[in-house]
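Undergrad: need a structure here:
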Amino acid sequence: MKMPSPPTADVPSAVKRDAALRSAAQNLEATFLSEMLKSAGLGESRESFGGGLGEDQFASFLRDEQAKEMTKAGGIGLAESLYQALKDKAYEA
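TA: Residues are numbered from 1 along each chain as shown. Predicted structure coming up:
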């Protein structure tokens, strides 16, 4: 069964919509990866010679940036799956 193709009359808006969908999917994957890194203990303070309260407060920023870089490098494939699902749903409407 062939999937319906997007309308060709409004190509610039379709390109913008696809870019927005891809960005949303990548943000979702980065958020997921950040939570997984947190669960794995990345950024936890050390018992001795740690950075204290300041390290604890800024550890989430480091995790978020590492997750974004992981996603940019290909991630775990979640962003592509989400993008395809969002794209299919967007063109059904």
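Undergrad: the chain: helices as residue ranges?
TA: Ranges of helices in the chain, per DSSP state H, are 11-39, 52-72, 78-92.
Undergrad: elements contacting the second one?
TA: Using 3 or more Cβ pairs under 8 Å, 6 or more residues apart in numbering; DSSP states H and E as the contact test, the elements touching helix 52-72 are helix 11-39. (C-beta placed from N, C-alpha, C; glycine too.)
Undergrad: any stretches of this protein with poor pLDDT?
TA: 1-10, 45-51, 93 (pLDDT under 70).
Undergrad: columns mean neighbour count on top of the helices of the chain, output as JSON lines?
TA: Shown next, in JSON lines, are those (neighbours: other Cβ atoms under 10 Å):
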{"stretch": "helix 11-39", "mean neighbour count": "15"}
{"stretch": "helix 52-72", "mean neighbour count": "14"}
{"stretch": "helix 78-92", "mean neighbour count": "15"}
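Undergrad: excluding chain neighbours, give the residue nearest to A79 in space.
TA: Setting aside the residues directly before and after it, A79 is nearest to E29 in space (Cβ to Cβ, 6 or more residues apart in numbering), at 3.9 Å.
Undergrad: is it true that the one you found touches K72?
TA: No - using Cβ atoms under 8 Å, E29 makes no contact with K72, being 10.1 Å away.
Undergrad: work out the gap between stretch 62-70 and the centre of the chain.
TA: Stretch 62-70 sits 10 Å away from the centroid of its parent chain (Cα atoms, centre = their mean, to the nearest Å).
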